[in-house]
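Q: any chance you could fold what I've pasted below:
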Amino acid sequence: MKNMCPDYRQIYTDIIDELYPEKKGNVQINNKMDCIETVMDVLTLNTLIFGSSKQLTESKSRRLRSYDKNSILKILEYQRSNKLNNITTARHFKISRNTLTKWHRIFKDKV
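A: Numbers count the residues shown, from 1 in each chain. Here you go, the predicted structure:
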């Protein structure tokens with residue numbers, strides 16, 4: 001069975017056309033839409049289009065996030081290269097400290 005992946009470019013193009021037509025010419029959004037490869041790219045594009053979400057909405061949607069292996073490795077590499085602890089990294093990426101600890105155990109030989 002083929003891996004089904006949503007067409008994020010089409011989804012975000014439709015959202016911009018219908019809800020935010022003033023953002024059609026935004027170069028930063030257009031560049032990000034051209035290279036959507038990881039979950040982190042989708043989250044960044046989401047922030048560019050919708051802005052920062054409200055605290056209540058964000059806490060509910062945080063539970064439903066899932067990260068692919070490449071995104072996890074990028075987060076762990078960011079933490080290592082900037083010499084951050086789990087608390088600071090968790091706040092930056094808005095994930096739990098326990099999740100970071102689990103990722104460290106799983107990917108300890110990769111980073």
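
Q: going forward, measure contacts and count neighbours with C-alpha atoms only.
A: Noted.

Q: burial of the closest residue to residue 23 other than its chain neighbours, as a residue count?
A: The shortest distance from residue 23 to any non-neighbouring residue, by C-alpha to C-alpha, 6 or more residues apart in numbering, is to residue 16 (6.7 Å). Using other C-alpha atoms under 10 Å, residue 16 is surrounded by 17 other residues.

Q: residues contacting residue 16?
A: 23-24, 49 (C-alpha atoms under 8 Å, 6 or more residues apart in numbering).

Q: SS state for it?
A: Under DSSP: H, G, I helix; E, B strand; the rest coil, residue 16 falls in the helix class.

Q: helix or strand right after the helix or strand hosting residue 75?
A: Per DSSP states H and E: residue 75 is located in helix 69-81. Downstream of helix 69-81, the next assigned helix or strand under DSSP H and E is helix 86-93.

Q: for that following helix, which outside residues touch it?
A: For helix 86-93, the surrounding residues in contact (C-alpha under 8 Å, 6+ apart) are 79, 96-97, 100-101.

Q: report the buried members of the residues you listed.
A: Neighbour-count burial (16 or more other C-alpha atoms under 10 Å) is assigned, among the contacts of helix 86-93, to 79, 97, 100.
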